[in-house]
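Asker: Got a predicted model here, sequence first, then my questions.
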Amino acid sequence: MTARITPGQGKQLVRFCEDGIVGLNLEKGGAQRVIMQGDAFQTRLKEMILELASTFFIPVKDVNVPSIHHHALAKYRAGARQHPDPVPDTTPLCYRVIKGYTLKEHAPKAGPCYKNFQYLQNWNFNDEPTQDCLVFWIPRLVPGSTGKTVDEQKIHLVKFGQRLELPTHHCSSFGSAALLSGMILAHYKATGEQVPLNGLWTRTDSCDADGGRLFLFWLPGGLLCVCWDWAGARDDSLGCFALGVETLRS
């Protein structure tokens, strides 16, 4: 059955879908109802999320995070509260990420990007698309992560994750340029904050064919992506985020 959905109902529908409800009342008074289960429900759920939310990155409220991840969420929330720039408890730390988002194609549509990223369309790098997953993060650079080389930051990330008692596969990478741009722009859309704060940069895992590494930071014209030949070098403005990725089955 096909139902007519208004934008306001669409937001509610996505929220209910993220709760795992398979019977959805789409009209006031219960005039129409869609019931889907199994593969058909999962397929249509992804389609509706894309159609109605117009985004690949959907903030998940703490109460809607699957119970299997409550322990990790609590640790991220504690780290967010303890950060030198504390993160409000109302700020989402978990996002439902949809498969297929890329830096070149989708980032300019997701939020303000410097010159709509037209300048990087011919860059030769692996624009790794996102996978279906949940991503946990603290939308602040990890304390003490600036002024370090790539190898030093990787060690620092691991130690940070250990201090927070996060799962061992969390804080194990910087995140691709696509994933980080999506998280940064989704956070901006949800909160109005431009992270990294204070004009700082974040390192990514993405490198071009010559070994130059991609970095992200904000300018007045939007989110900027640059490629630096000295990819592993330290810089006092260059840090990294704590990320935890939980892949979801297709």
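Answerer: Everything's here; your move.

Asker: how about the residue positioned nearest the centre of the chain, what does it touch?
Answerer: Residue closest to the average C-alpha location in the chain (CA atoms, centre = their mean): Met183, at 2.8 Å. Counting by CB atoms under 8 Å, 6 or more residues apart in numbering, Met183 makes contact with Phe57, Tyr95, Val135, Trp137, Pro139, Gly175, Phe241, Leu243. For glycine as for every other residue, the C-beta is placed from the backbone atoms N, C-alpha and C.

Asker: The fifth one: how many residues sit nearby?
Answerer: Number of residues near Pro139 (other CB atoms under 10 Å) recorded here: 24.

Asker: Asp151 versus that one, what's the distance?
Answerer: 25 Å (CB to CB, to the nearest Å).

Asker: Same question for the third one.
Answerer: For Val135, the distance to Asp151 under the criterion CB to CB works out to 24 Å.

Asker: out of the two, which sits in the more crowded spot?
Answerer: Val135 (22 against 9).

Asker: pretty sure the more buried one is touching Gly244, no?
Answerer: Yes: counting by CB atoms under 8 Å, Val135 touches Gly244, with 7.0 Å between them.

Asker: Now the helix or strand where the residue nearest to the centre of the chain lies: buried residues?
Answerer: When elements are assigned from DSSP states H and E, Met183 belongs to helix 177-191. For helix 177-191, a neighbour-count test (16 or more other CB atoms under 10 Å) marks 177-188, 190-191 as buried.

Asker: JSON lines for the residues you listed, including distance to Trp123 and pLDDT?
Answerer: Output for the buried residues of helix 177-191, formatted as JSON lines (distance: CB to CB, whole Å; pLDDT from 0 to 100):
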{"residue": "Ala177", "distance to Trp123": "10", "pLDDT": "98"}
{"residue": "Ala178", "distance to Trp123": "13", "pLDDT": "98"}
{"residue": "Leu179", "distance to Trp123": "17", "pLDDT": "98"}
{"residue": "Leu180", "distance to Trp123": "16", "pLDDT": "98"}
{"residue": "Ser181", "distance to Trp123": "14", "pLDDT": "98"}
{"residue": "Gly182", "distance to Trp123": "18", "pLDDT": "97"}
{"residue": "Met183", "distance to Trp123": "20", "pLDDT": "98"}
{"residue": "Ile184", "distance to Trp123": "18", "pLDDT": "98"}
{"residue": "Leu185", "distance to Trp123": "19", "pLDDT": "97"}
{"residue": "Ala186", "distance to Trp123": "23", "pLDDT": "96"}
{"residue": "His187", "distance to Trp123": "24", "pLDDT": "97"}
{"residue": "Tyr188", "distance to Trp123": "23", "pLDDT": "97"}
{"residue": "Ala190", "distance to Trp123": "28", "pLDDT": "94"}
{"residue": "Thr191", "distance to Trp123": "29", "pLDDT": "96"}
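
Asker: from those residues, which single one is nearest Lys75?
Answerer: Met183 (17.9 Å; CB to CB).

Asker: So what does Arg140 have for phi and psi?
Answerer: Per-residue torsions, Arg140: phi -150, psi 150 (degrees, to the nearest 10).

Asker: Would you quantify the distance from the residue lying closest to it once chain neighbours are set aside to His169?
Answerer: Once flanking residues are discounted, Arg140 sits nearest to His83: 4.9 Å by CB to CB, 6 or more residues apart in numbering. For His83, the distance to His169 equals 22 Å [CB to CB].

Asker: These two: who's more crowded?
Answerer: Higher neighbour count among His83 and His169: His83, with 15 against 12, using other CB under 10 Å.

Asker: That's all I had, so thanks and see you.
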